[in-house]
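J.: sequence isn't available, so here's the structure alone:
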């Protein structure tokens with residue numbers, strides 16, 4: 001295969017019923033000069049995938065986790081640019097075309113990467129939530145620890161299109177993380193790279209009942225503390241958004257029935273930034289009353 005401009009990397013593990021749709025969405029891009037790399041992370045059952053010369057499948061004998069599978073795919077990629085698609089999600093047809101078009105036209109100093117809008121959808125394809133990224137996260141920033149403009153969300157990290165060499169330069173994906181993998185990666189990426197945020201939705205994140213890493217309570221707590229410990233100096237320089245990060249973790253912990261952890265983290269957020277934590281709590285209570 002000649003070197004295409006972009007490689008779409010799909011790590012997968014034990015999802016033969018979901019993987020084919022992800023792969024097909026990558027192959028069905030309006031921009032056709034690409035390669036798709038599936039990294040099968042020691043799945044017990046292999047999926048039936050289309051016969052397409054642009055598709056490569058790498059089978060791993062030992063499970064290395066999502067970060068490790070992404071690293072394998074990145075090293076194998078032929079494209080200048082790489083993007084990563086979770087095996088239970090799918091791309092909209094113009095994702096690659098829109099992203100590469102912006103990267104070709106930008107006048108921002110390199111290195112530059114692009115992120116775009118994301119919709120969370122149910123199993124029928126109905127939109128549950130829409131997230132649009134910040135318009136610009138300049139090089140030297142720390143992405144989700146910065147204050148976003150109103151109506152923008154940092155939870156679109158899955159849409160990243162970035163130079164392969166830059167991913168390798170910053171050390172790839174941290175394989176000690178099984179959860180919070182994207183958050184950790186972006187705290188190393190944004191200081192080295194400007195991120196352009198597009199208002200177009202290009203990615204569908206599927207809400208489903210199948211087991212997800214993000215639903216593992218123990219992994220969530222371990223990775224939460226691991227992330228803060230690894231980047232503690234950066235977190236301390238952003239007390240307001242540090243508090244918001246801890247507060248949102250407390251809310252999710254409560255929703256998952258981890259009430260002790262939720263209370264501990266709420267007190268921590270309150271200590272980090274009392275005014276902002278109180279505002280978030282009040283706004284949450286008001287929103288819940290408004291929906292009744």
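T.: Now that the structure is in, tell me what you want to look at. Here the structure is a predicted model, which means the values were calculated and not measured.

J.: and for stretch 174-181, what are the contacting residues?
T.: The contact list for stretch 174-181 (CB atoms under 8 Å, 6 or more residues apart in numbering) reads 64-68, 70-71, 173, 184-185, 213-214, 216, 219-220, 222-224, 226-227, 230. Using the backbone N, CA and C atoms, a C-beta is placed for each residue, glycine as well.

J.: can you select the buried ones from those in ChimeraX?
T.: To isolate the buried members of the contacts of stretch 174-181 in ChimeraX, using 16 or more other CB atoms under 10 Å:
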select :64,65,66,67,68,70,71,173,184,185,213,219,220,223,224,226,227,230
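
J.: narrow the contacts of stretch 174-181 to those in helices?
T.: Counting by DSSP state H, the contacts of stretch 174-181 place 65-68, 70-71, 184-185, 219-220, 222-224, 226-227, 230 in helices.

J.: what is the nearest of these to residue 265?
T.: Proximity of those to residue 265 was ranked by CB to CB; the top entry is residue 224 with 8.3 Å.

J.: in space, what's closest to that closest one - neighbours in sequence excluded?
T.: residue 249 (5.6 Å; CB to CB, 6 or more residues apart in numbering).

J.: now residue 68
T.: Residue 68's closest residue in space is residue 175 (CB to CB, 6+ apart), at 4.6 Å.

J.: quick one: pLDDT of that neighbour?
T.: At residue 175, the model reports a pLDDT of 97.

J.: pull the number of nearby residues for the residue nearest to residue 221 when sequence neighbours are not counted.
T.: Once flanking residues are discounted, residue 221 sits nearest to residue 261: 6.2 Å by CB to CB, 6+ apart. By other CB atoms under 10 Å, the residues close to residue 261 number 19.

J.: which residues touch residue 261?
T.: Applying CB under 8 Å, 6+ apart to residue 261 gives the contacts 221, 250, 253.

J.: tell me the contacts of the second one?
T.: Contacts for residue 250 were tallied using CB under 8 Å, 6+ apart; they are 261, 262, 263, 264, 265, 266, 268, 269.

J.: in what helix or strand does it lie?
T.: Assigned by DSSP states H and E, residue 250 belongs to helix 239-255.

J.: so which elements touch the helix or strand harbouring residue 118?
T.: Using DSSP H and E, residue 118 falls within strand 112-121. Contacts defined by 3 or more CB pairs under 8 Å, 6 or more residues apart in numbering; DSSP states H and E place strand 112-121 against helix 95-105, strand 127-131, strand 161-163, strand 194-206.

J.: closest one to residue 84 among these?
T.: Closest to residue 84 of those, according to CB to CB: strand 161-163, at 9.2 Å.

J.: now do that closest one, average pLDDT.
T.: Mean predicted lDDT for strand 161-163 stands at 98.

J.: after that strand comes which helix or strand?
T.: According to DSSP H and E, the helix or strand after strand 161-163 is helix 164-169.

J.: circling back to that earlier point, now the contacts of residue 261 in TSV, with pLDDT?
T.: Shown next, in TSV, are those (pLDDT from 0 to 100):
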residue	pLDDT
221	93
250	96
253	94
